[in-house]
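*Asks:* no sequence for this one, just the structure:
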């Protein structure tokens, strides 16, 4: 075996001649898959943020009268 072949086999597997052309196609594909998974994660965070926001708005709407009364009683206690 030649030394260059030994070094190449250590760093990556040697592909048959008919499969070597696919290497150029696979690199961008792997990159897009990694980006797609990152995009899915960001979308999931967006959905969670939307659900939390809706829950906060709904709870504030339902409790608006009680909150107003609480703040008015606090304002009446404070000197001013």
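*Replies:* Nice, thanks for sending it over. All of these numbers come straight from a predicted model, not from anything done at the bench. Numbers count the residues shown, from 1 in each chain.
*Asks:* Could you measure from residue 42 over to residue 49?
*Replies:* According to Cβ to Cβ, to the nearest Å, residue 42 and residue 49 sit 10 Å apart. Heads up, the C-betas are built off the backbone N, CA and C, glycines and all.
*Asks:* scratch that, residue 59 is what I was asking about
*Replies:* Residue 59 is 16 Å from residue 49, by Cβ to Cβ.
*Asks:* repeat for residue 66
*Replies:* 26 Å.
*Asks:* do residue 77 as well
*Replies:* Counting by Cβ to Cβ, the gap from residue 77 to residue 49 is 36 Å.
*Asks:* what do you get for residue 60?
*Replies:* Look at residue 60 and residue 49: by Cβ to Cβ, they are 16 Å apart.
*Asks:* Run a quick neighbour tally on residue 27.
*Replies:* Residues near residue 27, counting by other Cβ atoms under 10 Å, number 10.
*Asks:* what's the helix or strand for it?
*Replies:* Assessed by DSSP states H and E, residue 27 sits inside helix 22-62.
*Asks:* now that helix: mean pLDDT?
*Replies:* Averaging pLDDT along helix 22-62 yields 82.
*Asks:* same thing with stretch 73-80?
*Replies:* pLDDT averaged over stretch 73-80 gives 89.
*Asks:* List the contacts of residue 60.
*Replies:* residue 67 (Cβ atoms under 8 Å, 6 or more residues apart in numbering).
*Asks:* from now on call the first residue 34
*Replies:* Noted, 34 is the first residue going forward, which turns the last one into residue 93.
*Asks:* State the distance from it to residue 79.
*Replies:* 21 Å.
*Asks:* Ok, residue 86 next?
*Replies:* Distance of residue 86 to residue 79, given as Cβ to Cβ: 10 Å.
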